[in-house]
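*Asks:* My questions concern the predicted model and sequence given below.
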Amino acid sequence: MSFPNINTNNLFGRLTDNVDLKHGAASGKSWFSASVAVNHNKDEASFFEFKMFGRTAELFAGAHSKGDRVLLTGYFKQETWKDAGGGSRSKVVFMADGFQFLVSGDKPAASADIHRNF
């Protein structure tokens, strides 16, 4: 019996910088890494790194800039690697496979769509 992936989360916040879309050297696949600020209350926020790939990344990068409100859908993943000294390192990254445009004053209402990579 197989179980569905229940590791699905949402992050709602503001982009902390403009998105720098990249293309994988070997795969040619579009991707980027960025961060989103998520408010807990008036005086406290957390910052989460997220990554996005493929056509979803292209659509997102073409429509969002620093300060935009975004709703991201995806899952948390722990990445591990060895540093220059051979020590083990790790960090948790939000792997965004979907997003929703959130309409703000200067954005057209027609851009309110959900996009997902499957």
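*Replies:* Thanks, I have the structure now.
*Asks:* So, low pLDDT: which residues of this structure?
*Replies:* Filtered on pLDDT under 70, the chain yields the residue ranges 1-5, 103-118.
*Asks:* Confirm that residue 60 lies within a strand, as I assumed.
*Replies:* No - secondary structure of residue 60 (DSSP: H, G, I helix; E, B strand; the rest coil): helix, not part of a strand.
*Asks:* pretty sure residue 69 is in contact with residue 13, am I right?
*Replies:* Yes - under the criterion of C-beta atoms under 8 Å, residue 69 makes contact with residue 13 at 7.3 Å. From N, CA and C alone the C-beta is placed, and that goes for glycine too.
*Asks:* For those two, indicate the residue with more neighbours.
*Replies:* Legend: neighbour count by other C-beta atoms under 10 Å for residue 69 and residue 13, higher for residue 13 (20 against 16).
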